[in-house]
Each structure stands twice: as structure tokens, then as C-alpha cells.
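# Here you go, sequence then predicted model.
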Amino acid sequence: MDNIRQLIQQIESLKTSLHQKDFLLTWEKNRNELELVLHVAETLRLMYEKNISTRCFDSGLAVSQFRDNSTRTRFSFAFAANLLGLEVQDMDEEKSQISHGETVRETANMISFMTEIIGIRDDIFLGAGHTYMKEVADSLDDGYQHGVLQQRPGIVNLQCDMDHPTQSMADLLHLKNTFGSFENLKGKKIAMTWAYSPSYGKPLSVPQGIISLMTRFGMDVSLAYPEGYGLIPEVVDIAQNNANTHGGSFEIVNSMEEAFKDADIVYPKSWAPFHVMEKRTQLLQHGEKEGLKSLEKECLVNNARFKNWECDAEKMKQTKRGEALYMHCLPADITGVSCAQGEVSADVFEKYRIATYKEAGYKPYVIAAMMLTNRFHDMPDLLNKIMDRKRERIMF
Amino acid sequence: MDNIRQLIQQIESLKTSLHQKDFLLTWEKNRNELELVLHVAETLRLMYEKNISTRCFDSGLAVSQFRDNSTRTRFSFAFAANLLGLEVQDMDEEKSQISHGETVRETANMISFMTEIIGIRDDIFLGAGHTYMKEVADSLDDGYQHGVLQQRPGIVNLQCDMDHPTQSMADLLHLKNTFGSFENLKGKKIAMTWAYSPSYGKPLSVPQGIISLMTRFGMDVSLAYPEGYGLIPEVVDIAQNNANTHGGSFEIVNSMEEAFKDADIVYPKSWAPFHVMEKRTQLLQHGEKEGLKSLEKECLVNNARFKNWECDAEKMKQTKRGEALYMHCLPADITGVSCAQGEVSADVFEKYRIATYKEAGYKPYVIAAMMLTNRFHDMPDLLNKIMDRKRERIMF
Amino acid sequence: MDNIRQLIQQIESLKTSLHQKDFLLTWEKNRNELELVLHVAETLRLMYEKNISTRCFDSGLAVSQFRDNSTRTRFSFAFAANLLGLEVQDMDEEKSQISHGETVRETANMISFMTEIIGIRDDIFLGAGHTYMKEVADSLDDGYQHGVLQQRPGIVNLQCDMDHPTQSMADLLHLKNTFGSFENLKGKKIAMTWAYSPSYGKPLSVPQGIISLMTRFGMDVSLAYPEGYGLIPEVVDIAQNNANTHGGSFEIVNSMEEAFKDADIVYPKSWAPFHVMEKRTQLLQHGEKEGLKSLEKECLVNNARFKNWECDAEKMKQTKRGEALYMHCLPADITGVSCAQGEVSADVFEKYRIATYKEAGYKPYVIAAMMLTNRFHDMPDLLNKIMDRKRERIMF
């Protein structure tokens, strides 16, 4: 219990609040705001361990809108909402009247009358996901200002075309706990590298989220990909600027081996090249099935040239003492397990399997912290009250 | 808080109860019963504003069954249930064994063992929706009388072929608050008119709900549609009788302009002609795809003859001081926004957009009131107890 | 209230616990463990009747995974979870990333971070359902031991290829209450018989669940089916051994009439022959559509040879005093109601219809008892505390 009170004191010392601020992109938040979310996440985790109920709502909804499939994030969102006393209601566009020609402006208000939080995943169309979330945000502002809504729900980005903050923040918490402190992350080298996968069209949001966030904590970020597999230039610039400002470094290389050299952490993960995603977005928006097929074929052929971009035991030997921490947002394409040839060899994955599961285990708490900091102004006061009321999660 | 206690006194003076009475059609309820629902809805709304928890159930389910798509009503039902402490469980017929040849009688009981409320939308087949709800009601009576069910769940009509009471009651609350009181609605002219839409087969339940309900509050109801677009005769008779009894008036005209003349309120909305819906129902029930296609084609051609049935600025000028209140159940077919040519011009809709959102905002409270009045006998007592316990919705 | 305290004393006298033990197969549980579940189920039912809230969790999830359609069990699971304060989150494989090549080991952990109970229905593939549940169980053990999970969720079998324990236990409770006591079941004859249905491929888990469970309570179990419609040999052996050990009897006959003779209870229900299910499983796993079609055709032709295996008034006359209790897990194939010719004649079904609904009504409480006994060590203590706190389910 002392741990928890200490964490609350740390939160108090941050002297910041995310009250009524949507969580869309980590680079829109300052350092204290990021730490606020992470400390609240850890506090909630400790409270859960100690069977302390963190229910803060007697009623209220958390609406999710998934425009792409999801297991981990869907369940993490549900865990988080339930932990705080909110009921999840999924906005399933197939069962709605949206096809009817309804505007975003309208739908955003209609699903918000008694809603505290809206979580959105929209990562398929490049240039669309973040824009969509901003449009929802503006619509909610408009509805709230005009008295349509009695409260203005907060928005949590559950993955867009630009960023995947619930993932990168959970990853950061995993790193902090693995290496002991934020301080210890300074000067650590993380290799965020492309890896081969027998699929194509995977979002760019994970590598973008990692390079833009870890450069803010003084880490040496090495981004590696085969020529032509670049990320959105705007986000690469953000990573470079962060490195300049926060005392770390940022480099782009075209070899997995080079990135792995002396790395403390490796994060090998497939993604589609930026320019392919642009083309794919256009084809999808115009419903050009033939074009999509030939694009897929072309991409898979191109991908196949880089099958050696696999994280295997040999490459791991080049990392710091041969013992770098392997990370993945899951599910990984594991050679011989989930596909014939993939992002990581079975032996490497197995060695770090439990670690990746623990990495994933931070996400529910990170999302809950994003929800809670959005709804309450004074976090230390709230958390102290939760401690004081001594309400059990599992009763008796 | 004084407002709330005053409302509770008004409810007390109604000396009526809807305990254990399904809410299927407004014309089955007397005036005091309707006011009971509306006053309870307003009380719940004020309590929400004041952060007073209205949770009345520590466990219990609210089952929804949507036989047609829905956004607004689906979310309104979820809001309402959650506000009272009930968890929504959707009866998704695709995931059930109903195709197995199971009877309504059986399914109704199987989904009701611990259910407080069943909400049903069944508006596609003319002659079927209301009949289905009655069959569910009879099955629940049977199960409760024979000891199958430990409680008899209440049924709330979320739109059938005859009526759309959660919509019309929310609309009435919007009118009351816009014009100040029920008393002020007397002698006000409301134009419930057909409007052009590039689709066909829209239910008749909204116009039917409006003409049958507003005639009970002394309003002058003008129903307008192109020749051949009539409503179910039985409901039209109800509207006429209501007008005769309650001191208002009811007329049918064949011109949008005529209906709009000096109107205080206009409600332009597309629907399919009664006789088309009958034909469509038969074709759907027999799975005659060719017949449906040719019916649709025929109807769209016919609709297209009435593209001038659009609510535009020119027609709005003919209303009382050119300032009639525009209403819509949403989503509206807005010319140049959600379709090339539709029910309402973009400028008129934009002027009243926020008002239509507010109109929609009453629905969650109306549904919650229908739920609550069904489950509790003594509303004033219940509401006073909710006030007295001082439980917060958002804690701390 | 005295009834409830007496039941709690009976539970105390069992001196057993199912804490942290998955409920997969009834034959893995000893007699006291089975009675524990049934007594807790009855206690919860009485508490519900007396408006005593049995909410034990302030937050927590109950995850369901249905790999086959379900109405009754889906709703029973939702009722049970809600009764205890758990929110249901459905693991819909179509909306997840499982197709991505994700392993069971991984998914099991990802959906369990804040989960108390996982309910699984997996009854389509012979040899697969139970195996899958064991794999989930092992994965959860692994995750819990390695600190991935902060608690180890319990698993409840909602129907597999071997057993259907929530059904057979609800059936047993129905029998106990119909005949007065477990003691009274000794020497009662139950005819578990195949019956004709115009479909094929129905699971074997219900007849297997019945013959393996009822033989443990000293009943005389007569299993009847047309030649070639045998059950999984392993489970038949269990039934025979149970009969030998517990003082009842077990026989297999090839005539419905013979099984019905002097029976106290009849349970006529269609199922697919064991060897057909084996073949079907192979074809399904290899996606052989043509093979599946011809198998279905062949089976339906074969089934049609046994249309006289219908439970009708004539056959019922042969039962004890012509008044045997008719049972069914529902939905039944009722001749002239849900199909032209089926498992039971309309008059027989109608006579026992309410009884079968009551039979189904035990399932939510049986599932809730399986959940509760899994999560709490000391049932009498828990149930007494629930009584003592005097918390109402419907407030005020």
C-alpha cells in the first residue's frame, strides 16, 4: 500500500492534468502528461493486485468503434472500461444506419448522449484515420458547446494511420520496468526494424509510434528497413526533432544487422511501405478490386526479396551481450509456427514469449489511465479517495 | 434540486402507474400515463445533470432485439439501460438457434429468466411488427403465470409497423420544451408531410406516431402526401378520433405547401405508400427477389415524380412568421450532403441541425422512463428515495 | 430465508471446494463437488426470488467464446455473469486477429488480463472441443505461473464434443426438484433415446452428458438408438462404470419402445452417429465441400429410415403409468410445429412444454454456481456474508 501512496505523490509532483484532453498522438503531449498517464497506469495495476476497486462511475458508457479487426486492443479497452465502472457499447457500423448517408458530425453526437469515452481504431486508410478522429472531436466540441451533449466524451486513439499511442505507451512502461526507470532508458539503443512477413498492407502506426516516443526519453533509436519501405516523412521528422531536443539519437539504416549491433532492445515488425499504403488507400477508396489484387501481388513479390529480414538467433548475437530485449506488439509472424517464414524465428520468439505477453499486459492499464485522466481533473485527489474508501473489487 | 422535487410532486398528482404494462402503442395509454413517462424522463435528465446516480438495479438485463438496423435507438436503449443499472444483451438472431425452427413462445421465455426489459424493433413487415410484440407479450404472460419466469419482463416498442413511441414521445418532449408547456401546444399547427427521398421502403411508423400522438395534445395536425402515399387507414382513424376528442384538428392534404402554410412546426419525412409496403411485405415473405427488384424500380420512378416535395427555404417562408420549427427523426436525406436530392435543403437543415440533435437527445431519457415506470409501482416514492440517498453517478 | 440458511448448512456439510478448478467434464468431479454446484445454484435461485443481490464483483469480466450458435446457453451465461457482477465480453473470432495465425496459447492470455471466467462452446469438431479447452487451460496456467496474469481465470465448458455439463447439471436439478430429492432418483428409469430429426450433424454431448451423469445418482439408464448411431465409446464406458459403482444400471437397446417401457423419465433427442461425426470432422477440417454435401445427403437418407423414432402419445403410454416426465434440452424438433416430422409429436410436447421451460430455467443458476465455486474458496462463508449484508438486487 505504501507503494501506491508513493506513486500518488509522484503524480502530484507532476503538477499536470489531461482533463478533457483527447489522447490522439503522443507528440501532442508534453513529458509530464506522458508520465502522468504511465504513473496512473501503474497505480491502477497495483490497486488491482491489492483487490482495491477502482470503480469511479456508477453508470456511463465507453463506446468503441473498430474499423479494423482487433483482439488485444478490443479486450484491453473492455478491461479498462470495466475497471472504472463504464459499460462498453460497440459502434458496429454494419448494424447502424451510417450507410444511410449520415454525417460523422451527426453520428458522433448520437452515440455520445451518456458517453464518457470513445475509443476509435481507424488504421486502414493512410491520411484518413487521424483526420477522422479530429472530425469526431470537433463534432463533439460543437455538440457540447450547443447544449446537445450534457458532457463532452473524451477520445482515445486505439490506432490510427499516424500513431498507436496505447501500444507505444504500454511498450514504454514495459521498458521502464525492464530497465528500472525512465532515467535508465537514456542512452539505451532500440532497433525498430522492418521484418519480413508473408502478408502486406500492415499499418505504419507501430514503428511510427515507437520512433516518435522513444526519442523523447533519451534513447538511441535506429530505424531499419529495406530501401523503399519508408514511413510517413512527417513522423520521421518528429522523431529526428525529438532526438535533437531530448539528448538521444535517431538514425535510419537499411540493414537489420546494422540496427541490431549493440542494441539493448530490438523491435522487428513488418509494415507496408508508405508509398504502397498511399496507393492502396486510393484503390480502396475507389473500390478498384483489380488494382488491389495486382498491388498485393507486386508487393508480395517485392517483400519476398527480403526474406532474410528475420529476427533469428544469429542476428540476436550481434546485440548487446547477445541479450537484447525482444519486443513485439503481437501477434508476430513466427517462422514455422504461424507461417512458413516470418518476422521472427521460433526459438527467439519462444525465449521472449512471456516477456511479450507481459508487454501486452500493460495496455489495459494504459487505456484505463487515458480514460481516467481525461475525466478527472485532480488525479492525486481521486486516487487518494479510492485508497481511503477501502472498497474491494472482489467482495468479502 | 428544487426543480426535481417539484417534478416529483407533479408526478404524484398524476395518480397513475404503468407498473407491469408494456409500452407498445401510445394510443393504448391515457393522457396521465403519457405525462407520467414524460415527467419521469425529465426528472432523470435533471438528475443526470446534477450527477445523481439513478441506478436502481444491482443486477438485471435489458435485452434488445433489432430486426432492422439502428444507431440512435440502439444507443438510446443502451444509455437508458445503463443509467438504471441494467446490462444490455443483444438478441442477435444470426447467432442464435432461432433458424432451428424455434417458436416465439419458447425464445421469449429463454431470453427472460433474469431479464427486466425487452426492447424490440420490428418495422420491416407491415402487419408483422406489432403482432410479433403481442406474441412475445403473451408468451411472457404464459411463462410468468406458469412459474417459468420469476419476474415478467416489460416490453418497450423500439419501432414497429404501427407506431414508434420512443420517437414520438421524445418529439413531444422536444415540443413541450420548445414551446414552454403542454398547454402552449394547443392550437399549434404541425405539418407532418411526406418528402422526397432517393430510397424507398421507409417505415410508416414515424408519421403514424406523430399524427396519432400530437392530436391528443390539442394540436392542429396537417398530414400531407402525394396521392397514393397514404398511411395505414386504422391509424389515420385514430388520429381523426383524437382530434375530435381532444379539441385539436386533423386534415389530409396533397400539397407540402398547403400543409406548411402558417405551420408552427414542420416534420417533412419520406415514407413508402401503405399499399407498396403491403406488396413488399408479401414479396419479402415469399423471397421473390425479381418481384422486389421491379417493385423498387417502379417505386423509385414514382417517387421521382415528387422531387419537388423538398423542405427548402422558399417553402419555409410560408410557415408562421417564416420561422416554423423543423423536426426530423434523423438521419435526414439532405440535398447535396447525404444525397443529390432529398427531403430537405442543406441550408434549412443546417439552420435546425442543433435543434434536431437536441430532439434526439430526449430519446434515452424517454426509454429509461418507459423502463422505470414498467418496473416500479410508486414512481414518486422511488424518485424521492433516489434523491434522499445522495449517490453520485460520477463518484467523488 | 430459513430455507437459504438451511441450504448453506448443507453446503457446509459437503466439506469440499471447487476453488480454481475448471468445470470441463462432470466425470472429473466427485459426488460432493457436483452437489456443491447444485446446492449453490439453488441458493442463488432462492436469493434471486427474495431480491437478495448476489453481486460479488465490483468489476471483472466473463469472456464467452461461442464456436457454434447458441441462444439458451448464451443468455444463461450472460444472466449468470451479470448476477455476480461480471460483465460479458464475447470473443468473436470473426472480429479478432486470430485468422492472423495467432496461437491458442497467446489468445488465451490476451483475453484474460482482467478476466474471472471464460466460457467456451466448441462442439462441432469431434475430438477437438475438449482438447481445445484443455489447451486454453494449460495456456492460462502457464501465463499465471509466469506472472503474465494477475489471476487465473476459471473455465466453464458450455458444450464440447464430449460433455455438456451446464445442460446435464441443470437437467439433474430439474429431476431432483421434480422427484423430491437425490435419494428419490435411485432406481428411477430414464430413457435417453435417439429421435428422428430432418437435420443431421447434431452434437453427441447431450446424450453423453446424460448417461454419464445420471448413472452416478443410482438411476437405471436405458440408452436407445438405431443400429449405427452409437456414441463415443469412451463415454459409454464411463456410463457403464458409473452404473457398476453407484448402484444403478446401464443398458443399450435398439428400440425406442423398449427404452420407454416403464420409464420414469424419457429424453428423446436426435444426434449424429459417432462415426459420421468423425468423417464430418475430417471433411470440415479439409474444407471438402463436395464430400460434406454427399455425407449430408447420405445421412439424411439414412435418418429417414427411422422416422418412427418419434416420441408420441402411443409410445408415452408404455412409460410408468403412462406418465413419464418428458425432457429436452431445447429447441426440440416438434412434428407439425417446427418441422413436418420430428423428435416429438405436438401433443406430447405441449403437455410437457412448461416443464421443459422450467428445466431450461435452471441453467443460468448452474452456470453462476460454476463461476462462483471457481472463484471463492469458502462457499458457506461467502453465502452467509451475502445474507448478512442485506443488499437488495432491485433497490428500494
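Received it, and whenever you're ready, just let me know what you need.
# Would you map the strands across the stretch 201-350 of chain A?
A:220-224, A:249-253, A:265-268, A:325-326 (DSSP state E, counting those that start in this stretch).
# buried sites along the second one?
To tie it back to what came earlier, the one meant is strand A:249-253. Buried residues in strand A:249-253, counted by 16 or more other CB atoms under 10 Å in any protein chain shown: A:249-250, A:252. All C-beta atoms are positioned from the backbone trio N, CA, C, and that covers glycine.
# Shouldn't A:Glu135 be within a strand?
No. Looking at A:Glu135 with DSSP: H, G, I helix; E, B strand; the rest coil, it is helix, so not inside a strand.
# Neighbours of it, how many?
14 (other CB atoms under 10 Å in any protein chain shown).
# ok, now A:Ser205?
A:Ser205: 27 neighbours (other CB under 10 Å).
# if we can go back for a sec, let me have the strands of the stretch 201-350 of chain A in TSV, extended by mean pLDDT.
Formatted as TSV, these follow (pLDDT from 0 to 100):
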stretch	mean pLDDT
strand A:220-224	98
strand A:249-253	98
strand A:265-268	98
strand A:325-326	98
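# you'd agree A:Lys186 is up against A:Asp220?
No. Proximity of A:Lys186 to A:Asp220 does not meet the contact threshold set by CB atoms under 8 Å, at 9.3 Å.
# what residues are shared contacts of the two?
A:Gly248 (CB atoms under 8 Å, 6 or more residues apart in numbering or on different chains).
# Neighbour count for those two, which is higher?
A direct count of neighbours by other CB under 10 Å for A:Lys186 and A:Asp220 places A:Asp220 higher, at 20 against 15.
# beta partners of the more buried one?
Counting by DSSP bridges, A:Asp220 is bridged to A:Lys189, A:Ser249.
# Include distance to B:Gly201 when you put the buried residues of strand A:249-253 into JSON lines, please.
Formatted as JSON lines, the buried residues of strand A:249-253 follow (distance: CB to CB, whole Å):
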{"residue": "A:Ser249", "distance to B:Gly201": "63"}
{"residue": "A:Phe250", "distance to B:Gly201": "58"}
{"residue": "A:Ile252", "distance to B:Gly201": "56"}
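# domain ranges for chain A?
A:2-162+A:363-389, A:167-360 (automatic domain parsing).
# quick one, phi/psi of A:Gly287?
phi 60, psi 30 (degrees, to the nearest 10).
# Retrieve the pLDDT associated with it.
Note for A:Gly287: predicted pLDDT of 86.
# what's the answer for A:Gly101, then?
pLDDT recorded at A:Gly101 is 62.
# what does A:Asn177 give?
The predicted local confidence for A:Asn177 is 97.
# What are the neighbouring residues in contact with A:Tyr362?
Neighbour list for A:Tyr362: A:41, A:45, A:169-171, A:173-174 [criterion: CB under 8 Å, 6+ apart].
# of all those residues, which two lie farthest apart?
Spanning the widest gap among these are A:Arg45 and A:Asp171, at 15.3 Å by CB to CB.
# circling back: mind checking which of the contacts of A:Tyr362 are buried?
Neighbour-count burial (16+ other CB under 10 Å) applied to the contacts of A:Tyr362 gives A:41, A:45, A:169-171, A:173-174.
# contacts with chain B among the residues you listed, please.
Here nothing survives when the buried ones among the contacts of A:Tyr362 are matched to chain B using CB under 8 Å from any CB of the partner chain.
# Can you name the residues of chain A sitting close to chain B?
Counting by CB under 8 Å from any CB, chain A sits next to chain B at A:55-61, A:63, A:85, A:87, A:89, A:91, A:95-98, A:100-103, A:106-107, A:109-111, A:113-115, A:143, A:146-150, A:375-376, A:381-382, A:385.
# List the ones among those residues that fall in strands.
Taking DSSP state E, the ones among those that sit in strands are A:61, A:63, A:87, A:89, A:115.
# in chain A, which residue is closest to the centre?
In chain A, the C-alpha nearest the mean C-alpha coordinate belongs to A:Gln167, at 2.4 Å (CA atoms, centre = their mean).
# Thought A:Ile367 was touching it, still the case?
No. Counting by CB under 8 Å, A:Gln167 sits too far from A:Ile367 to count as a contact (10.3 Å).
# neighbours around A:Ala263, how many?
A:Ala263: 23 surrounding residues under other CB under 10 Å.
# Can you get me a residue count around A:Ala304?
That count, for A:Ala304 with other CB under 10 Å as the rule, works out to 11.
# next one: A:Leu284
For A:Leu284, the count of nearby residues is 18 (other CB under 10 Å).
# wait, what's in contact with it?
Applying CB under 8 Å, 6+ apart, the residues near A:Leu284 are A:124-125, A:292.
# same deal with A:Ala80?
A:62, A:364-365, A:367-368, A:371 are the contacts of A:Ala80 under CB under 8 Å, 6+ apart.
# Locate it within the secondary structure: which element?
Element membership for A:Ala80, per DSSP states H and E: helix A:72-84.
# Can you show me the CA trace of that helix as PDB?
Output in PDB follows, covering the C-alpha atoms of helix A:72-84 (Å, rounded to 0.1, in the frame of the first residue of the first chain):
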ATOM      1  CA  ARG A  72      -5.800  -7.300 -27.900                       C
ATOM      2  CA  THR A  73      -6.900  -3.700 -28.100                       C
ATOM      3  CA  ARG A  74     -10.600  -4.700 -28.100                       C
ATOM      4  CA  PHE A  75     -10.200  -6.600 -24.900                       C
ATOM      5  CA  SER A  76      -7.800  -4.100 -23.400                       C
ATOM      6  CA  PHE A  77     -10.500  -1.400 -24.000                       C
ATOM      7  CA  ALA A  78     -13.100  -3.600 -22.400                       C
ATOM      8  CA  PHE A  79     -11.000  -4.400 -19.400                       C
ATOM      9  CA  ALA A  80     -10.200  -0.700 -18.900                       C
ATOM     10  CA  ALA A  81     -13.700   0.500 -19.100                       C
ATOM     11  CA  ASN A  82     -15.000  -2.200 -16.800                       C
ATOM     12  CA  LEU A  83     -12.300  -1.500 -14.300                       C
ATOM     13  CA  LEU A  84     -13.600   2.100 -14.000                       C
END
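# still on that earlier bit, how about the residue nearest to the centre of chain A, nearest residue that isn't a chain neighbour?
A:Cys329 (5.2 Å; CB to CB, 6 or more residues apart in numbering or on different chains).
# same check, this time on A:Gly209
Leaving aside its sequence neighbours, A:Gly209 sits nearest to A:Ser168 (CB to CB, 6+ apart; 3.6 Å).
# Mind pulling up the pLDDT for the one you found?
Taking A:Ser168 on its own, its pLDDT is 98.
# ok, back up a step: let me have the ones in strands among the residues of chain A next to chain B in CSV, adding pLDDT and neighbour count as columns.
CSV is the format used below for these (pLDDT from 0 to 100; neighbours: other CB atoms under 10 Å in any protein chain shown):
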residue, pLDDT, neighbour count
A:Leu61, 98, 26
A:Val63, 98, 26
A:Glu87, 97, 21
A:Gln89, 95, 22
A:Thr115, 98, 24
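# which SSE is A:Leu140 in?
Assigned by DSSP H and E, A:Leu140 falls in helix A:129-145.
# Quick check: next helix or strand after that helix?
Taking DSSP H and E, what comes next after helix A:129-145 is strand A:154-157.
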